[in-house]
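Novice: Fold the following for me, if possible:
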Amino acid sequence: MPDSELVLLAGRMDIHRVMAGRSREELQAVTFRQGKADSLIIQLPRRFQPDEHFWIAIAYTAHPDRGLYFLHASPDWPARKEQIWTQGEPEDNHYWFPVFDYPSDKLTTEIRATVPRPFQLLSNGFLLDITEDVHTRTYHYLQDAPHSSYLVMLAAGEFTVVRDTALVGDTLRIPLEYWVYPERRDDVPRTFGRTPEMIRFFSEYLRVPYPWAKYAQITIQDFQFGGMENTSATTLTDATMIDERAALDYNPDGLIAHELAHQWFGDLVTTEYWNHIWLNESFATYFDALFTEFHRGKEAYTLKMWNNEQAYLREAHTAYMRPIVWNRWLYPINMFDSHSYPKGAWVLHMLRDRLGEEAFRRVLHTYLKTFGYGPVETHNLEDIIEATTGQYLDTFFKEWVYSAGHPMLDISYTFDEQQQALSLRITQKQAGFLVPEVFHIRLPMRIVTLEDTLLIEPTIDEREEVLHIPLTLAPEYISVDPENRILDESNVEQPVAAWITLLHDSPYPAARLHAAQVLRQKPRDEALLLALRDIYQKEKLPEVRLEILRTITTFPPSPSLKSALMAAMLDKEAPVRREALRALSMFEGDPEVMDLARLTAEQDLSYAVQAEAVRALARLKAPDAMDYVRAALITPSHREVIRVAALDALAILAPPYEEVQEILQTWLRPSHPTPVRVAAVRLLAHYAKDQPSAFKKLLELLSDPRYQVRSAAIQAIIEVSNPEGIPYLEQRIPVEPDGRLVAALYRAIHTLEASK
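Specialist: As a prediction, this is how the structure comes out:
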């Protein structure tokens, strides 16, 4: 490329005129052409030096099909909120303004935008002024510190702006803004109330004050993600807002902390390119956990990291394992998965454990100060660790970041009473593409006898190792990694009684959670059920009670099981009651259970538990289940969980297609919230195997405007397993704007072809 050419990205734009010059006053028209892959190639009037400043002015008309979204009311959706908003990540902002749309490129931005009254408009940085006339308002924002192009945003609509302040140290005051619908103003404290505390904690933990002019959070309709960390102005789905009842089921602190942490990790310091996206997303995920530890304590932190571990393991077992740093993706959005979020957060968890708290904080402080307002790759973090702590962690990063998988350990032991010695055999059995044959780990183990507790932490660096440990009595149980310090899967061969004792006695929540999972795989008998019921009743942590209950629910129906589940319905925690009710629905036709489900559907304060009661009545084959379904269909709730349950219940009851056609037509309309339409797609799939018109509707929904509905349609077509859908899936690939769904379309085609 000649040095006198400038290449930008400008997707779906009519470029009318381009001008260039050394200053604004010297601008002159230059030639340009639009090339492949959305490129705009500008012929500069002369060659400019790398450090020389020059001006470019582009007159254009954009026709964005992504990046910038306009929401309008319509005859099909008269109550829809009128809004305008953007979503730039990963590379969609060049559909509404010409830019070099890659995360490595940092720029300052200034936006002037005119919107109709009574709209208000939010963008990055300082609000310099608002100019008003009878019909419009023009907003002028300046983001004077550099940030990446995907972080540029604007959002407009009718909002109430609630203002607050975060105090960092003794003097630094950060202006806070919460942009919400006027009718949700009273929910602001419940939803956003801990934002000032989060900003103080992150600033003090990192010893790097919040780096931007303000922090605004705006809730919008039909957002395709939970949140987006635009610089100084985070966008959130309006489902983030919670009323008093929704707070029983959902806590938005995790989402809010995640997006706020991005203001440092992702916005201040940004991945050079998407193969290193974990440097954005893993840090944000981990700092959500760190705030949990600060706000709610060590046990809550452990439970948060347990949930992160489970999320990664689900993807590893059901989809794929890949290195965290990875360049084999079809679209950048494909990198936003459970490897880049929870697995990467676990790498940071282990790094903190290895370095120690103070050294870990020094590393992060130096990393942010060294690379602030610039791009980074993983080796930059490695270099900072070495320079700051003197530790060279090449093996750690090679195994955990540049390789796939995690340790999978088979552990067995024997006790020699005469020799008073315990022999432990540890075998690493992990395998797969780019999975290390051996992980080098220090493996904490807790060996409990009737008289003593022994804590050991051997270094494991062979495929198979045998450890000989002096011990006076045989173990009551052995607990591997009881504090959950290592991302691993361990299978310890020990009697059921050992696992029951561990579940009852261990002071560590993660160890008890693991024991509850292991017991799920053991033979079912009455003694085990009674033991689990007794331990459940004594367990203080609701998250552990829930895991124990999930094990209890795997037992076949019996009076003892029913008694245990009925008792669990008295639990004060909504997720536990919901799980108990789900399991009680296996007692089909039981009058007592049906009465309990009816009472719950009518009176429980939790939206989610009420919703589960509707599903339960369907599974129980209650004679009045349809009455509850009809009532649920007209019952609003947070995230529409009750209406969703009604549609799920219809799939369980499976009335004739003729009886549900009108319901399907109603709830598939664009005027209904996304969760309800997705549930209607699932119900439609139930009939699409035998009803050609239902299958045809599924195919039509492949082009629905909403990402979630298109995703549900793809999944439904897979479930229907009709190869006639293959040509329609193929036709959708070149026009599908979301890279996640392009990958899903390919997977669907492969699945259907394999089923022929």
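
Novice: and Ala247, how many residues sit next to it?
Specialist: If you count neighbours by other Cβ atoms under 10 Å, Ala247 ends up with 16. Every C-beta, even on glycine, is put in place using the N, C-alpha and C of the backbone.

Novice: what do you get for His16?
Specialist: Counted with other Cβ under 10 Å, His16 comes out at 9.

Novice: export the longest helix belonging to the chain as CSV, just CAs?
Specialist: As assigned by DSSP state H, the longest helix anywhere in the chain is helix 298-318. Below are the C-alpha coordinates for helix 298-318, written out as CSV (Å, rounded to 0.1, in the frame of the first residue of the first chain):
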residue,chain,number,x,y,z
LYS,A,298,-14.5,-15.4,51.4
GLU,A,299,-17.3,-18.1,51.3
ALA,A,300,-19.3,-16.0,48.8
TYR,A,301,-16.1,-15.6,46.7
THR,A,302,-15.5,-19.3,46.8
LEU,A,303,-19.0,-20.0,45.6
LYS,A,304,-18.7,-17.4,42.8
MET,A,305,-15.5,-19.1,41.6
TRP,A,306,-17.2,-22.5,41.9
ASN,A,307,-19.9,-21.3,39.5
ASN,A,308,-17.3,-20.0,37.1
GLU,A,309,-15.6,-23.4,37.2
GLN,A,310,-18.9,-25.1,36.4
ALA,A,311,-19.6,-22.8,33.5
TYR,A,312,-16.3,-23.5,31.9
LEU,A,313,-16.6,-27.3,32.5
ARG,A,314,-20.0,-27.4,30.8
GLU,A,315,-18.5,-25.9,27.7
ALA,A,316,-15.4,-28.1,27.9
HIS,A,317,-17.5,-31.3,28.1
THR,A,318,-20.4,-30.4,25.7
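
Novice: how far out from the middle of the chain is it?
Specialist: In this view, helix 298-318 has its centroid 12 Å away from the chain centroid, taken as Cα atoms, centre = their mean, to the nearest Å.

Novice: and that helix, what's its mean pLDDT?
Specialist: Across helix 298-318, the average pLDDT comes to 98.

Novice: packing partners for it?
Specialist: helix 278-296, helix 344-355, helix 509-519 (3 or more Cβ pairs under 8 Å, 6 or more residues apart in numbering; DSSP states H and E).

Novice: Columns distance to Glu719 and mean neighbour count on top of the ones you listed, output as CSV?
Specialist: CSV is the format used below for the helices and strands packed on helix 298-318 (distance: least, Cβ to Cβ, whole Å; neighbours: other Cβ atoms under 10 Å):
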stretch, distance to Glu719, mean neighbour count
helix 278-296, 30, 23
helix 344-355, 32, 21
helix 509-519, 28, 23
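
Novice: before we move on, the earlier item: residues in contact with the longest helix of the chain: which ones?
Specialist: 254, 285, 288-290, 292-293, 337-339, 341-343, 345-346, 349, 405-406, 483-484, 487, 489, 508-510, 513, 541, 543 (Cβ atoms under 8 Å, 6 or more residues apart in numbering).

Novice: For the closest residue to Pro98 other than its chain neighbours, which residues are in contact?
Specialist: Computed as Cβ to Cβ, 6 or more residues apart in numbering, the closest residue to Pro98 that is not its neighbour in sequence is Ala10, at 4.1 Å. Residues near Ala10 by Cβ under 8 Å, 6+ apart: 34, 38-40, 58, 60, 94, 98.

Novice: and with 7 Å instead?
Specialist: By Cβ atoms under 7 Å, 6 or more residues apart in numbering, the contact set of Ala10 is 34, 38, 40, 60, 94, 98.

Novice: go on, Trp326?
Specialist: Counting by Cβ under 7 Å, 6+ apart, Trp326 makes contact with 275, 335.

Novice: State the distance from it to Met566.
Specialist: 49 Å (Cβ to Cβ, to the nearest Å).
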